[in-house]
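Novice: A predicted structure for the sequence below; I have some questions about it.
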Protein chains: 2
Amino acid sequence: MSPTRIPEATVARLPVYLRALNSLLEREIRTCSSEELASAAGVNSAKLRKDLSHLGSYGTRGVGYDVEYLRYQIAREIGLTQDWPVVIVGIGNLGHALANYSGFSSRGFRTVALLDADAARQGELVAGLKIRPFTELSAIVREHGVAIGVIATPAAAAQSVCDHMVDAGIRSVLNFAPTVLTVPPEVDVRMVDLSSELQILAYHEQRKSAPASPDPTLDPEVVA
Amino acid sequence: MSPTRIPEATVARLPVYLRALNSLLEREIRTCSSEELASAAGVNSAKLRKDLSHLGSYGTRGVGYDVEYLRYQIAREIGLTQDWPVVIVGIGNLGHALANYSGFSSRGFRTVALLDADAARQGELVAGLKIRPFTELSAIVREHGVAIGVIATPAAAAQSVCDHMVDAGIRSVLNFAPTVLTVPPEVDVRMVDLSSELQILAYHEQRKSAPASPDPTLDPEVVA
DNA sequence: AAGAGTTTGTGAACGTGGGAACAAACCGAG
DNA sequence: CTCGGTTTGTTCCCACGTTCACAAACTCTT
């Protein structure tokens, strides 16, 4: 079962399951059914069971899942049993927030350096780390074996920063800058687009308030 | 064509197209083909054309699209031609960054209030707005007709904040807190999960470095 | 030991989305 | 006006993801 590739949609949900399991553990719940875990994760139980079946057969029929055991298996599958050094480039408001975000460090992720091109900010202390010049990127990546880079720069700088990251050997990029990044095929990019999310909400909100026809120019027959 | 529902996957890409069109306009490009726009948006041209065809027939065969016209049509479809007042709750590091994020205000979104439960932060000035007590939520929503709320609180507070938002009449929620929110069916929630994104990258990164079998416990036959 | 009651893992049906390929439609030259 | 070149809008097909429904497997009681 395990040797087969895990569907992308399932991979995207594994972190959610992991959080739900952690939450159950905090409440000292040792065992749970697919129904309980699914409800904690906000999905339906059939989907949850199919997702987990892609990892292996870690439950017991008639009983459910051992919370601790399942949590370990998912963490191992994602790769959180190992250490992931991360660099953050662009320490503006957002980079600042990311550096202080406990959700990164609490999983296996360790921020090893904060970089910024702005000379005026060099040496400033953020989340216990000194801001260093962007030119040190390559050396830092080599020294710590960094595989993941986070871009929190303005859009105009993002592609150039990304190119340097790729040159330095980084193969996974998390991009917060509102721009499309072009990378070689072996590099993964995930985009977190704050304003897109709001726009998607706005689209649905608009549909809620105007169920019929929001714009008369689209409905000539109403006028006729 | 337009009266039909627009697929969710298409809606999620409209903001990307909008940004690409803005970028073309800044370079004073008045007309573009589906190929050019697709490349600027990081998708293939067939997908782009199919997406646009869901909105209507705004291109000209043999010629391409008028950048300005198409931009307006997409903006109108999303609902960006109207004003969207927004409240942000939880002015920690992340809330701070969101309040200052220009990508919100530059589209039709207007942050009308910053709320925080922490009494010590009341009155503090962030991005030109005073932080106000969370208890004023309902009055603010009524006064400004707020339909969209942003949650940037710690996970523990998020569900309670969300419940108050729904009570106050908010029907779309953008959630940055790392927790699943439960809402009535008429309310939309979109989740932006920073640590999930990193975990998804880590999963793929792990697969890149260890193509065969990352864990011997899963491959008994290797041992046998 | 057998049967009743649970709960997982999976096979099959269904729906959504993506991509190739092509017909329809437009422009410009002659 | 016609023809060749170009680009859109759409159709068809395939792959992926979701959900239902059920057999397999386990526990507990009698």
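Specialist: Nice, thanks for sending it over.
Novice: Is A:Ser57 part of a helix or strand, or is it coil?
Specialist: Under DSSP: H, G, I helix; E, B strand; the rest coil, the three-state class of A:Ser57 is coil.
Novice: Quick check: the gap between it and A:Val16.
Specialist: Distance, A:Ser57 to A:Val16, by Cβ to Cβ, to the nearest Å: 21 Å. C-betas here are computed from N, CA, C, even on glycine.
Novice: Between the two, which has more neighbouring residues?
Specialist: Remark: of A:Ser57 and A:Val16, A:Val16 carries more neighbours, 22 against 10, as counted by other Cβ atoms under 10 Å in any protein chain shown.
Novice: these two touch, right, that one and B:Ser196?
Specialist: Yes - here A:Val16 reaches B:Ser196: they are 6.8 Å apart, a contact under Cβ atoms under 8 Å.
Novice: Walk me through the domains of chain A.
Specialist: A:8-78, A:84-196 (automatic domain parsing).
Novice: neighbouring contacts of the one helix or strand A:Ala139 maps to?
Specialist: Taking DSSP states H and E as the definition, A:Ala139 sits inside helix A:137-144. With Cβ atoms under 8 Å, 6 or more residues apart in numbering or on different chains as the test, helix A:137-144 has contacts from A:85, A:87, A:89, A:112-113, A:115, A:132, A:146, A:164-165, A:167-170.
Novice: Pull out the buried residues from it.
Specialist: Using 16 or more other Cβ atoms under 10 Å in any protein chain shown as the burial criterion, the residues of helix A:137-144 that qualify are A:137, A:140-141.
Novice: could you point out which element follows that helix?
Specialist: strand A:148-151.
Novice: Pull the distance from that following strand to the chain's centre.
Specialist: Computed by Cα atoms, centre = their mean, to the nearest Å, the chain-centroid distance of strand A:148-151 equals 11 Å.
Novice: and what of stretch A:167-182?
Specialist: That offset, for stretch A:167-182, works out to 13 Å (Cα atoms, centre = their mean).
Novice: near DNA strand C at all, that stretch?
Specialist: No - Stretch A:167-182 lies out of reach of DNA strand C by Cβ under 7 Å from any atom of the strand, never closer than 14.9 Å.
Novice: Buried residues in that stretch, which are they?
Specialist: A:168, A:170-181.
Novice: Would you mind measuring the gap between the ends of it?
Specialist: Terminal residues of stretch A:167-182 lie 13 Å apart, using Cα to Cα, to the nearest Å.
Novice: What helix or strand is the residue of chain A found nearest DNA strand D located in?
Specialist: Taking Cβ to the nearest atom of the strand, DNA strand D has its nearest neighbour within chain A at A:Gly62, 2.4 Å off. Using DSSP H and E, A:Gly62 sits in no helix or strand.
Novice: And the pLDDT for it?
Specialist: Listed pLDDT for A:Gly62 reads 97.
Novice: Relative to chain B, how far out is it?
Specialist: 25 Å (Cβ to the nearest Cβ, to the nearest Å).
Novice: Pull up the gap between that residue and A:Ser33, please.
Specialist: 10 Å.
Novice: the more surrounded of those two?
Specialist: A:Ser33 (15 against 5).
Novice: check contacts around that one.
Specialist: So A:Ser33 contacts A:45, A:64-65 (Cβ under 8 Å, 6+ apart).
Novice: Strands along chain A, start to end?
Specialist: Along chain A, counting by DSSP state E, strands occupy A:31-32, A:59-60, A:64-66, A:84-89, A:109-116, A:125-126, A:129-133, A:148-151, A:172-175, A:188-191.
Novice: Show me which of the ones you listed has the highest average neighbour count.
Specialist: strand A:148-151 (a mean of 26; mean count of other Cβ atoms under 10 Å in any protein chain shown).
Novice: Tell me what A:Leu115 is bridged to.
Specialist: Beta bridges link A:Leu115 to A:Val89, A:Arg132 when assigned by DSSP bridges.
Novice: give me every residue that touches it.
Specialist: By Cβ under 8 Å, 6+ apart, the neighbours of A:Leu115 are A:87-91, A:131-134, A:136-137, A:140.
Novice: Let's see that with 10 Å instead.
Specialist: A:87-91, A:95, A:122, A:131-137, A:140, A:149, A:153, A:161, A:164 (Cβ atoms under 10 Å, 6 or more residues apart in numbering or on different chains).
Novice: and A:Leu98, how many residues sit next to it?
Specialist: A:Leu98: 27 neighbours (other Cβ under 10 Å).
Novice: Next one: it, what pLDDT does it get?
Specialist: Model confidence at A:Leu98 (pLDDT) stands at 97.
Novice: cool, the one 3 residues further on as well?
Specialist: For A:Tyr101, the model assigns a pLDDT of 94.
Novice: Isn't A:Gly56 up against A:Tyr65?
Specialist: No - using Cβ atoms under 10 Å, A:Gly56 is not in contact with A:Tyr65; the gap is 11.7 Å.
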